[in-house]
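Q: I'll drop the sequence and a predicted model, then ask my questions.
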Amino acid sequence: MRVRWILPEAYLAGGTKLIAIYAERLMKRGHDVVVVSTPRLKPTPRQRLRALVREKRWLEGPQRRASHFDETGVDHRIIESTRPIVDSDVPDGDVVIATWWETASAVAALSPSKGAKAYLMMDYGAPGMALEDLIPTWRLPLHIITISQFLVDLIQEHVPDTRVELIPCSVDSEQFSAPKRGKSAVPTVGFLYRDDWVKGADLVLEAFGIARKQIPDLRLLTFGPRDALAVSPPEGMEYRAFPATDSLRDIYSSCDAWLFASRSEGFGLPILEAMACRTPVIATPAGAAPELIEKRGGGVLIKHEDPNDMAREIVRFCTMEESVWMRYSDAAFETTRSYSWDDATDLLEAALQRVAEAPPRRDG
């Protein structure tokens, strides 16, 4: 198949990572894969002022950021300006896939020669993504594929007659794994740091401060896709900027618990990555967390907007008997063993083949 992916800016974000995994795997299976994305937006005066005040640095023009596509060998084409994708940007294909709500209308408007039209719906709750903006995209003549039962239910709640295919995410067991182990010598929890309010970094930092009053040597290990934090790190926190992919395993497996504090989420890949490294997860019930934790074990769900609840669980996991902790650790690891990226790619490949062969979907 000739598969065309349409993205906004491609950088080191979770959604870009998911598409890069699929694009590379489809390419290696012999499919003709092209990714088309827009360049980085020029910083606004407000963004420049914020960076100057908080980070003591001046934001330059829209320089290209590192991307999950950089080492895949996938044909990735970045158009010359930030605008909707049009026919002349996309080579003819068998299927063309929107990957973000703002790309959905552009894909729907492409000519039939660009391929049958699909929509990989991956997120809800990102900055600037309001439900009232999303719902119209679910009514477009696009075959919808999504990654968590939460998103399936959300789409069908608002557009009941829409058929949605569910293809859950997986984790690379070669990249993310760890031998059977005990707790860390120094009590340690970790999380993926993002500035976006929806990701809940403020909740993690508050919970960490509360928990550290009971565990004075508690350590918070975090990483993220930026050079420096927008906040002053508290005592006991260690931040690693742009860690090499091979080092992520060591970060996850250094922790007694991984913290997932999203207020809203499409899936939440760090949950699976931590579990694959035998680290139990303390998570808000966002994205796929209920599916992965409540139904299968390997962690615990906490209340939204409740740093005290998170702090209690941090203390519990860091002070529980090692034999009890290891049962959680084993359950986390087993959660990731039954389903691979090969399985997910099989499902996606079959779904795209059906999209390519099906009659075009009409407007909802």
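A: Cool, the structure landed. Numbers count the residues shown, from 1 in each chain.
Q: what confidence value was assigned to residue 340?
A: Looking at residue 340, its pLDDT reads 93.
Q: and what of residue 46?
A: Reported pLDDT at residue 46 in the predicted model: 72.
Q: likewise for residue 351?
A: The per-residue pLDDT reported for residue 351 equals 97.
Q: look up how far residue 9 lies from it.
A: In this structure, residue 351 and residue 9 are separated by 26 Å, where distance is defined by CB to CB, to the nearest Å. For the C-beta atoms, the positions are set from N, CA and C on the backbone; glycine is no exception.
Q: swap in residue 258?
A: 27 Å.
Q: neighbour count for those two, which is higher?
A: The neighbour count for residue 258 versus residue 9, taken as other CB atoms under 10 Å, is higher for residue 258 (26 against 18).
Q: and the nearest residue in space to the more buried one that is not next to it in sequence, how many residues sit next to it?
A: Sequence neighbours aside, residue 274 is the residue nearest to residue 258 in space, at 3.6 Å (criterion: CB to CB, 6 or more residues apart in numbering). Number of residues near residue 274 (other CB under 10 Å) recorded here: 31.
Q: so residue 274 sits against residue 256, correct?
A: No - in this structure, residue 274 is not within contact of residue 256 by CB atoms under 8 Å, at 11.0 Å.
Q: same for the longest helix along the chain, what does it pack against?
A: The helix that spans the most residues within the chain, counting by DSSP state H, is helix 341-357. With contacts defined as 3 or more CB pairs under 8 Å, 6 or more residues apart in numbering; DSSP states H and E, the secondary structure elements packing on helix 341-357 are helix 14-28, strand 95-98, strand 116-121, strand 143-146.
Q: now these as CSV including mean pLDDT?
A: Conversion of the helices and strands packed on helix 341-357 to CSV gives the following (pLDDT from 0 to 100):
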stretch, mean pLDDT
helix 14-28, 95
strand 95-98, 98
strand 116-121, 97
strand 143-146, 97
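Q: show me the helices in this protein, by range?
A: Assignment of helices within the chain using DSSP H yields the ranges 14-28, 45-55, 101-109, 131-138, 149-158, 201-212, 248-253, 269-276, 289, 307-319, 322-335, 341-357.
Q: make a markdown table from the ones you listed and add distance to residue 5 to it.
A: As requested, the helices of the chain are exported to a markdown table (distance: least, CB to CB, whole Å):
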| stretch | distance to residue 5 |
| --- | --- |
| helix 14-28 | 6 |
| helix 45-55 | 27 |
| helix 101-109 | 9 |
| helix 131-138 | 16 |
| helix 149-158 | 19 |
| helix 201-212 | 29 |
| helix 248-253 | 24 |
| helix 269-276 | 18 |
| helix 289 | 27 |
| helix 307-319 | 36 |
| helix 322-335 | 28 |
| helix 341-357 | 11 |
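Q: for those, which has the smallest mean pLDDT value?
A: Taking the mean pLDDT of each of the helices of the chain, the lowest value is held by helix 45-55, a mean of 68.
Q: break the chain into its domains for me.
A: Here the domain parsing of the chain from automatic domain parsing is 2-170+340-357, 188-335.
Q: of the helices of the chain, which is nearest residue 64?
A: helix 14-28 (13.0 Å; CB to CB).
Q: tell me what angle that closest one forms with helix 269-276.
A: If you take axes from the mean of the first three to the mean of the last three CA atoms, to 10 degrees, helix 14-28 sits at 70 degrees to helix 269-276.
Q: can you list the helices and strands that helix 14-28 packs against?
A: Secondary-structure packing of helix 14-28 (3+ CB pairs under 8 Å, 6+ apart): strand 2-7, strand 32-37, helix 269-276, helix 341-357.
Q: the third one packs against which elements?
A: Contact partners of helix 269-276 among helices and strands, from 3+ CB pairs under 8 Å, 6+ apart: helix 14-28, strand 188-192, helix 248-253, strand 257-260, strand 281-283, helix 322-335.
Q: so which of the ones you listed gets nearest residue 270?
A: Within these, the stretch nearest residue 270 is strand 188-192; the backing value is 4.9 Å (CB to CB).
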